[in-house]
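Participant: how would this look folded up:
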Amino acid sequence: MALSGTGSGAREGSADMGAEATTIGGLLALHARTIPAAPALLAPGRPPLSYGALGAGIEHLVRTLRGLGIAPSDRVAVALPRGADGALALIAVASACACVPVNPDLTADELQRYFSELKLSALVTPVDMNSPSRDVARALDIAVIDFVPAPAADLGGCAFVGSTVGPAASGAAGAEDDAFILLTSGTAARPKMVPLTHRNVCLSAQNAGRVLSLTPHDRLLNVLPLFHAHGLISGLLTALAAGSSVIVTGGFDAPSFFGWMRDLQPTWYTAVPTIHRALLTLSLIH
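Facilitator: Model prediction:
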């Protein structure tokens, strides 16, 4: 889909971001100060979440994790259903420590291998759901932090609940701290675990935004999973780094796609060729 023509690469409200732009938390805190009323996250059927509310919500969730004993050097896996609540949890965990986004469809054997090698401090998973990830974490004596999703009318009202994993921690994540550890698909060889620092992630997102000439007037329709770099960095974080907004869906759904386009007014989307072909086929049918 075409990008909006509202700018020629100028980044309204986000120019000269300096050192704050080298961490995810710093970047969002800057937007919360400079464009607090601008929409940041949206989800079908829910009210938008502004940058001011997103910044405050992330700060609250990070404080919760610090109170539970999670420090910047810790590694915390996040295994949540696709959607805006999961996006918030990933951003909050990455702002506090090294976040490991986990495909919720992985088998217990796959999770066992990953969790053992990653040396996790904790797992974040839904409060009301028994899952292979929760069972594997318990078997490996990894602390479980329950994720309580926000009510439908308040996208930012989610929470982390759990027992402490150590003494209360403090300090902000730095530019050279790991923001994410991504698990590769392993289609050509044994799956790898790729650490990405805050500086890496922020620079990648900002560079992509400049190439696309994104401005705060743009809006991404994100239909990709956030446990891969495409949906997480090239999509979600690229849009947020530009101070623009993101519609986070529960995943690609061809029949719903054009309704989302009509109702939520995105200016761009990003996807893999399989999705492009499915949409083209559907548009030709109709």
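Participant: need the helices for the stretch 51-200 of the chain, in chain order.
Facilitator: 51-67, 84-96, 108-118, 132-139, 198-211 (DSSP state H, counting those that start in this stretch).
Participant: residue ranges with poor pLDDT in the stretch 151-286 of the chain?
Facilitator: Applying pLDDT under 70 to the stretch 151-286 of the chain picks out residues 185-191, 285-286.
Participant: ok, A153 - contacts?
Facilitator: By C-beta atoms under 8 Å, 6 or more residues apart in numbering, A153 lies in contact with 46-47. Bear in mind the C-beta positions are built from the backbone N, C-alpha and C, glycine included.
Participant: ok, it to T249 distance?
Facilitator: For A153, the distance to T249 (C-beta to C-beta, to the nearest Å) stands at 18 Å.
Participant: what's the neighbour count on L155?
Facilitator: For L155, the count of nearby residues is 26 (other C-beta atoms under 10 Å).
Participant: leaving out the residues flanking it, which one is nearest to it?
Facilitator: L49 (4.3 Å; C-beta to C-beta, 6 or more residues apart in numbering).
Participant: rounded mean pLDDT for stretch 74-86, please.
Facilitator: Across stretch 74-86, pLDDT averages out at 95.
Participant: again with stretch 54-70
Facilitator: 96.
Participant: contacts for it?
Facilitator: 25, 28-29, 31-33, 36, 40-41, 49, 76, 88-89, 91-93, 95-97, 121-122, 145, 156-160, 162-170.
Participant: just the CA trace of that stretch, in CSV.
Facilitator: Taking Å, rounded to 0.1, in the frame of the first residue of the first chain, the C-alpha atoms of stretch 54-70 are listed here in CSV:
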residue,chain,number,x,y,z
LEU,A,54,2.0,4.1,26.1
GLY,A,55,5.0,5.8,27.8
ALA,A,56,3.3,5.8,31.2
GLY,A,57,2.2,2.2,30.8
ILE,A,58,5.6,1.0,29.8
GLU,A,59,7.2,2.8,32.7
HIS,A,60,4.7,1.1,35.1
LEU,A,61,5.4,-2.4,33.7
VAL,A,62,9.1,-1.9,33.9
ARG,A,63,8.8,-0.8,37.5
THR,A,64,6.8,-4.0,38.2
LEU,A,65,9.5,-6.1,36.6
ARG,A,66,12.2,-4.3,38.6
GLY,A,67,10.2,-4.9,41.8
LEU,A,68,10.1,-8.6,41.0
GLY,A,69,13.8,-8.7,40.7
ILE,A,70,14.3,-8.5,36.9
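Participant: so which bits of it are buried?
Facilitator: Residues of stretch 54-70 classed as buried: 54-55, 57-59, 61-62, 64-66, 68-70 (neighbour count, 16 or more other C-beta atoms under 10 Å).
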